[in-house]
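> Fold the following and give me the result.
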Amino acid sequence: MENGEAKYRLRNHMEDVVSQKLDKLLPNVDMCKCEKCRMDVLAYALNLLPPKYVVTEAGDLYSRVSEFNAQSEIDVEVALTEAIKVVSNNPKHAMK
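Have a look, this model is predicted:
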């Protein structure tokens, strides 16, 4: 530890992958796009997928695990599609 700060950080890389994929899908989806619904979709999808933990040096903004293969990409899309369906049918806030 330098100056009381941890040098390394544990991070679930899957969060980055799912969030980036959702950012690409969401504009084309008919659902509420508020922050609450977006976070609910992310949480639901991440609970369907295995975590991919990596150790990064403090300050790193992005770290890659071994590149995802085609099946991994499909798994993320399937989880997000399911999450979007569930959250859009059951929003956790009043519809305006």
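
> CA only for contacts and neighbour counts going forward, please
OK.

> then the helix or strand of the chain with the lowest mean pLDDT to CSV, C-alphas only?
Using mean pLDDT, DSSP states H and E, strand 53-57 stands out as the lowest-scoring helix or strand of the chain, at a mean of 80. Coordinates of each C-alpha in strand 53-57 appear next as CSV, following Å, rounded to 0.1, in the frame of the first residue of the first chain:
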residue,chain,number,x,y,z
TYR,A,53,-13.3,-11.1,-12.0
VAL,A,54,-10.0,-9.4,-12.9
VAL,A,55,-7.4,-7.6,-10.8
THR,A,56,-6.5,-4.1,-12.1
GLU,A,57,-4.0,-1.6,-10.9
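
> contact partners of that strand?
Strand 53-57 is contacted from outside by 7-14, 63, 65, using Cα atoms under 8 Å, 6 or more residues apart in numbering.

> what comes up buried for that strand?
residue 56 (16 or more other Cα atoms under 10 Å).

> Within the sheet, what are the partner strands of that strand, with directions?
The strands that strand 53-57 pairs with in its sheet are strand 8-12 (antiparallel) (by DSSP bridges).

> Now the partner strand: buried residues?
So for strand 8-12, counting by 16+ other Cα under 10 Å, buried means 11-12.

> Centre of the chain to that strand, how far?
On the basis of Cα atoms, centre = their mean, to the nearest Å, strand 8-12 sits 15 Å off its chain's mean C-alpha point.

> Now the element after the least confident helix or strand of the chain, going C-ward?
Downstream of strand 53-57, the first helix or strand assigned by DSSP states H and E is helix 70-89.
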